[in-house]
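Visitor: can't give you the sequence, but here's the structure:
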């Protein structure tokens, strides 16, 4: 039987087990693989929230692996509308479903807008304009918008371009964006080129939603229909870290047969 040695991995597994889930060896290996490898490349240390979606239930999927308290201040998830939970992850219905992270950019990650965030999805999509991660207000935004024909990486910063629009056909995989003064987008570990825009904006301080956008403080809109297997929010990653993290998270999904 696999012996989990990392203390953070052990705590995550116990949190999942506390919700009534029978933890399998594959689940333990999945958790240990992600945590130990993110620590090895330095992205675990940079992260504010990591959602690995293991256990197959709403309760087991709610945990922020970086802070396992069951309170809003720990950025654990609560759900609105129709959200489907199973061994493949968390699936939004494209019309009402979303998850509230309670994580705000300016007060919880960066007052200047320096941030990385992203997700792994293993589903197809029919939504023309679904926001997979989002908060959008009259003074700013923080959005990852994956449609069947384009990906819109939107991330606030005090100056410079804050949007990267990439035209491409949708495919399952790992999508992430980094704003470190220059906005960068990555799809399956490959750095993207596209149309830059939206120079300068104010830093947003709204709760980020998964599966929709938090529009002007509490209204869920622009719903996604995709399944999420992994989401994260962190301080900015380097190019090397972004590419390495993509490989880690993709390989991890293979452990649970959901790549």
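Guide: Right, received. Where do you want to start? Please read all numbers here as calculations on a predicted model, not as lab measurements.

Visitor: just the element for the most centrally placed residue in the chain, please.
Guide: The chain has residue 231 as the residue nearest its centroid, 2.3 Å off, counting by Cα atoms, centre = their mean. Element membership for residue 231, per DSSP states H and E: strand 227-234.

Visitor: what lies in contact with that strand?
Guide: 34, 43, 46-53, 88-92, 101, 103, 109, 115-123, 132-133, 174, 176, 208, 210-211, 245, 249, 252-253, 258 (Cβ atoms under 8 Å, 6 or more residues apart in numbering). Heads up, the C-betas are built off the backbone N, CA and C, glycines and all.

Visitor: returning to that earlier point: show me what the residue nearest to the centre of the chain bridges to in the sheet.
Guide: Beta bridges link residue 231 to residue 51, residue 119, judged by DSSP bridges.

Visitor: do a quick rundown of the helices in the stretch 151-259 of the chain.
Guide: Under the criterion DSSP state H, counting those that start in this stretch, the stretch 151-259 of the chain carries helices at the ranges 239-255.

Visitor: which regions of the stretch 151-259 of the chain lie under the pLDDT threshold?
Guide: Across the stretch 151-259 of the chain, the ranges flagged by pLDDT under 70 are 200-201.

Visitor: all strands for it, in order.
Guide: 163-167, 173-179, 183-187, 190-191, 195-197, 207-210, 213-215, 219-221, 227-234 (DSSP state E, counting those that start in this stretch).

Visitor: for residue 10, which of those is the nearest?
Guide: Residue 10 sits nearest to strand 227-234 of all the strands of the stretch 151-259 of the chain, at 19.5 Å, using Cβ to Cβ.

Visitor: residues of the closest one that come out buried?
Guide: 227, 228, 229, 230, 231, 232, 233, 234 (16 or more other Cβ atoms under 10 Å).

Visitor: the third one - nearest residue in space that isn't next to it in sequence?
Guide: Yep, that's residue 229 we're talking about. Using Cβ to Cβ, 6 or more residues apart in numbering and skipping residues adjacent in sequence, the residue nearest residue 229 is residue 89, 4.0 Å away.

Visitor: wait, that neighbour touches residue 259, no?
Guide: No. At 11.4 Å, residue 89 does not count as touching residue 259 under the criterion of Cβ atoms under 8 Å.

Visitor: more neighbours, these two?
Guide: residue 89 (27 against 16; other Cβ atoms under 10 Å).

Visitor: contacting residues for that one?
Guide: Shown in contact with residue 89 (Cβ under 8 Å, 6+ apart): 53, 61, 122, 227, 228, 229, 230, 258.

Visitor: distance to residue 67 for these - can I get that in TSV?
Guide: Output for the contacts of residue 89, formatted as TSV (distance: Cβ to Cβ, whole Å):
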residue	distance to residue 67
53	16
61	15
122	26
227	24
228	19
229	20
230	17
258	25
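
Visitor: number of nearby residues for residue 167?
Guide: By other Cβ under 10 Å, the residues close to residue 167 number 10.

Visitor: check the spatially closest residue to it that is not a sequence neighbour and give its pLDDT.
Guide: Counting by Cβ to Cβ, 6+ apart, the nearest residue to residue 167 once its immediate chain neighbours are dropped is residue 150, at 5.1 Å. We have a pLDDT of 92 for residue 150.

Visitor: show me what contacts residue 150?
Guide: 165, 166, 167, 168.

Visitor: can you do 10 Å?
Guide: Shown in contact with residue 150 (Cβ atoms under 10 Å, 6 or more residues apart in numbering): 128, 129, 165, 166, 167, 168, 169, 170, 194, 195.

Visitor: so which elements touch the helix or strand that contains residue 11?
Guide: Using DSSP H and E, residue 11 sits within helix 7-18. The contact analysis (3 or more Cβ pairs under 10 Å, 6 or more residues apart in numbering; DSSP states H and E) places helix 7-18 against helix 25-41, helix 58-61.
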